[in-house]
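# Could you look at this predicted model? Sequence included:
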Amino acid sequence: MNFDCPLISDCPILPSVFSSPRFQMSWMTINAALNGAEVGARITVKGWVRSRRDSKAGLSFIALSDGTCFATLQIVAAATLPEYDAVVRRLSTGASIEVDGELIESQGKGQSVELRADAVRLVGGVEDPDKYPVAGKRHTHEYLREVAHLRPRTNTYGAITRVRHTLSQAVHRFFHERGFYWIHTPIITGSDCEGAGEMFRVSTLDLANPPRTASGAVDFSKDFFGKETMLTVSGQLNVESFACALSRVYTFGPTFRAENSNTSRHLSEFWMIEPEIAFADLRDDAALAGDFLRSLVKAALDERADDLAFFDQFVEKGLIKRLEALATSTFEAMTYTEAVKILEASGQAFEFPVAWGKELQSEHERYLTEKHVGAPLVVMDYPKEIKAFYMRLNDDERTVAAMDVLVPGVGEIIGGSQREERLEVLDRRLTALGLNHADYGWYRDLRRYGTVPHAGFGLGFERMIMYATGMGNIRDVIPFPRAPKQCWF
RNA sequence: UCCGGCAUAGCUCAGUCGGUAGAGCGAUCGGCUGUUAACCGAUUUGUCACAGGUUCAAGUCCUGUUGCCGGAGCCA
């Protein structure tokens, strides 16, 4: 690598305190070549062949992608090149090449600039073009999932990957700019009170021959941590302790659920964002959720227009309009009690009956957000019986300060609540639910020492990506999906 | 986990009443063209998911298993 090449200024670098000295390479990204490089520049690009078309005029056209942007760069390779027959004419989809050449205005339609090749070098050929798993044709998402190591080379997955990155960056930027601190909550937990479903065990015990207690049960005191440990299902409980010290904090990391969920909206391993704010109530929480979703959508619109244009055309017609509408909207909000009234008055024939005190079913949520509102919707103040122990009891003693954000097409994208900060009320809830106070020692401590009202929520990151791209299956918006019976790569 | 559907060429699928395997796309070769989802012609391709059963004969019918898809539940 040559880090001092004077010709190259690598792809648009955002203004930053880190912008000098620049990290430069001796070749140019296709993103840089297409967006900002001077016509007439002599450059080198490297990437993977999407397609090759030969012309009897003595030319071959190569569509080259390096994944740095949606578009491919058209390489024009003349038959007069010494390597024309040995290299160029043998290129097939998927091969990797390096090309030196001059960036020129395109003589053809479909692109403004193209690279007139001075030299084409094969980096890696394709063993058997007939067997290349992502040949230049349409493939189903289901099939591409089986070749997840090669699907990043397709238009769709390249676009998803770039949007995913942009949204990740936007998450951190949003919170950083508002004074939130990122807390790295643990992945391994010894807390059996997280309570959000089945957990994966973490153990170094010999499964075939585990140590036993006198009563015959597996003796976890002999395990690595001296107790039973699991993969976390949420960083919330841990992050609450940091909120009650640094005021505004969030987590953004992987989360694990061992539920046997076989749906297009669930993964066994997914990423979740959980902000937590001290001195905040549920209204503050909902306001933050709205700002947050709008900011993420705006980031995607601003920074990934090329990828969104693709999704708009091939995945969900009208996607961009929908996102633009969201970016400037305020979310409608209603209480659970109002939602039940609306559903009861809707005249819809639901499979599951609607009644105050019962969970809202998917079909109910879908009606509310897709038909009744036609936009994102916040439902608040659910009956305490159907919500978790840590949610703050409202003055009516029947409901808790919980909220769900529902969006058309995806359903529940955010779940949050104001946390119960009053020790005696929390203890009453624990008792009512038959939970052992001793198991919640440090969590109760937060209520014993300088307790404050606080609230937060969890956003399923992959569900956000689905919403931002129009993709219909959550397994297609994460690089290597983990789901029941699926851990292939 | 429950309900429903599906599993046939590299991919997407057809395959009638049970009678011994087809198309499109891709790929390869050739033709044409500053081409671009190119176009025209030719060629290429099979453990019919797996295990058993019925039958003279099973891709086709029956049983079981596995996997995938859609919906539901759990949730984010």
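All right, it came through fine.
# So which residues of the stretch 301-450 of chain A form strands?
For the stretch 301-450 of chain A, applying DSSP state E, counting those that start in this stretch gives strands covering A:332-335, A:377-383, A:399-407, A:411-419.
# want to throw those strands into JSON lines with mean pLDDT and distance to residue A:486?
C-beta here means a position set from N, CA and C on the backbone, and glycine is covered the same way. JSON lines is the format used below for those (pLDDT from 0 to 100; distance: least, C-beta to C-beta, whole Å):
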{"stretch": "strand A:332-335", "mean pLDDT": "94", "distance to residue A:486": "37"}
{"stretch": "strand A:377-383", "mean pLDDT": "95", "distance to residue A:486": "32"}
{"stretch": "strand A:399-407", "mean pLDDT": "95", "distance to residue A:486": "25"}
{"stretch": "strand A:411-419", "mean pLDDT": "93", "distance to residue A:486": "21"}
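# For stretch A:74-91, give the mean pLDDT please.
For stretch A:74-91, mean pLDDT is 92.
# Could you check it against RNA strand B for contacts?
Yes. Contact of stretch A:74-91 with RNA strand B (C-beta under 7 Å from any atom of the strand) involves A:74, A:76.
# Which residues in that stretch does the neighbour count mark as buried?
A:74-77, A:81, A:84, A:87-88, A:91 (16 or more other C-beta atoms under 10 Å).
# List just the nearest of these to RNA strand B.
Nearest to RNA strand B among these, counting by C-beta to the nearest atom of the strand, is residue A:76 at 4.6 Å.
# residues contacting that closest one?
By C-beta atoms under 8 Å, 6 or more residues apart in numbering, residue A:76 lies in contact with A:59-61, A:114-117.
# Then residue A:136?
Contacts for residue A:136 were tallied using C-beta under 8 Å, 6+ apart; they are A:50-51, A:93.
# Drop the exposed ones from these and show what's left.
A:50, A:93.
# what pairs with residue A:271 across the strands?
residue A:254 (DSSP bridges).
# Spit out the contact partners of residue A:477.
Here residue A:477 is in contact with A:160, A:164, A:462, A:465-466, A:469, A:471 (C-beta under 8 Å, 6+ apart).
# Filter those residues down to the buried ones, ChimeraX style.
The buried subset of the contacts of residue A:477, as determined by 16+ other C-beta under 10 Å, is captured in ChimeraX by this line:
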select /A:160,164,462,465,466,469,471
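# Narrow the contacts of residue A:477 to those in helices?
A:160, A:164, A:462, A:465-466, A:469 (DSSP state H).
# tell me the helices in chain A, going along the chain?
Under DSSP H, chain A gives helices at A:30-34, A:141-146, A:155-177, A:236-246, A:282-303, A:305-314, A:319-327, A:336-345, A:362-366, A:423-432, A:441-448, A:461-469.
# now, of these, which is deepest in the fold?
Neighbour counts (mean count of other C-beta atoms under 10 Å) averaged over each of the helices of chain A peak at helix A:461-469, with a mean of 25.
# so what secondary structure elements neighbour it?
helix A:155-177, strand A:269-278, helix A:282-303, helix A:305-314, strand A:411-419 (3 or more C-beta pairs under 8 Å, 6 or more residues apart in numbering; DSSP states H and E).
# any residues touching that helix, and which ones?
A:159-160, A:163-164, A:167-168, A:171, A:252, A:265, A:267, A:270-273, A:293, A:296-297, A:300, A:307-308, A:311, A:315-316, A:319, A:323, A:407, A:409-413, A:471-472, A:474, A:477-478.
# among the residues you listed, which are within reach of RNA strand B?
Within the set of the contacts of helix A:461-469, contact with RNA strand B (C-beta under 7 Å from any atom of the strand) is found for A:265, A:267, A:270, A:272, A:411-413, A:472, A:474.
# Spatially, which pair of those is furthest apart? Let me know, please.
Spanning the widest gap among these are A:272 and A:472, at 20.5 Å by C-beta to C-beta.
# how far does stretch A:255-265 stretch from start to finish?
15 Å (C-alpha to C-alpha, to the nearest Å).
# list the contacts for the closest residue in space to residue A:110 that isn't next to it in sequence?
Leaving aside its chain neighbours, residue A:110 sits nearest to residue A:74 (7.8 Å; criterion: C-beta to C-beta, 6 or more residues apart in numbering). Residue A:74 sits next to A:61-64, A:106, A:108, A:110-111, A:114-115 when contact means C-beta under 8 Å, 6+ apart.
# What's opposite residue A:74 in the beta bridge?
Going by DSSP bridges, residue A:74 forms beta bridges with residue A:63.
# Quick check: it vs residue A:108, distance?
Relative to residue A:108, residue A:74 is positioned 8 Å away (C-beta to C-beta, to the nearest Å).
# Now do the shared contacts for those two.
Residues touching both residue A:74 and residue A:108 by C-beta under 8 Å, 6+ apart: residue A:114.
# mind listing what the closest residue to residue A:213 other than its chain neighbours touches?
Nearest non-adjacent residue to residue A:213, counting by C-beta to C-beta, 6+ apart: residue A:219, 4.6 Å away. Neighbour list for residue A:219: A:210-213 [criterion: C-beta under 8 Å, 6+ apart].
# try residue A:433
Residue A:433 neighbours (C-beta under 8 Å, 6+ apart): residue A:389.
# Please tell me how far it sits from RNA strand B.
13 Å (C-beta to the nearest atom of the strand, to the nearest Å).
# what's the answer for residue A:476, then?
9 Å.
# I'd say that residue and residue A:160 touch.
Yes. Between residue A:476 and residue A:160 there is a contact under C-beta atoms under 8 Å: 7.0 Å.
# Are there residues contacting both of the two? Which ones?
Joint contacts of residue A:476 and residue A:160 (C-beta under 8 Å, 6+ apart) do not exist.
# returning to that earlier point: need the ones in helices among the contacts of residue A:477 in a markdown table with pLDDT and distance to residue A:439, can you?
Formatted as a markdown table, those follow (pLDDT from 0 to 100; distance: C-beta to C-beta, whole Å):
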| residue | pLDDT | distance to residue A:439 |
| --- | --- | --- |
| A:160 | 96 | 40 |
| A:164 | 97 | 37 |
| A:462 | 96 | 31 |
| A:465 | 96 | 35 |
| A:466 | 94 | 35 |
| A:469 | 95 | 41 |
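# closest to RNA strand B among those?
Of the ones in helices among the contacts of residue A:477, the one sitting nearest to RNA strand B (C-beta to the nearest atom of the strand) turns out to be residue A:462, at 5.5 Å.
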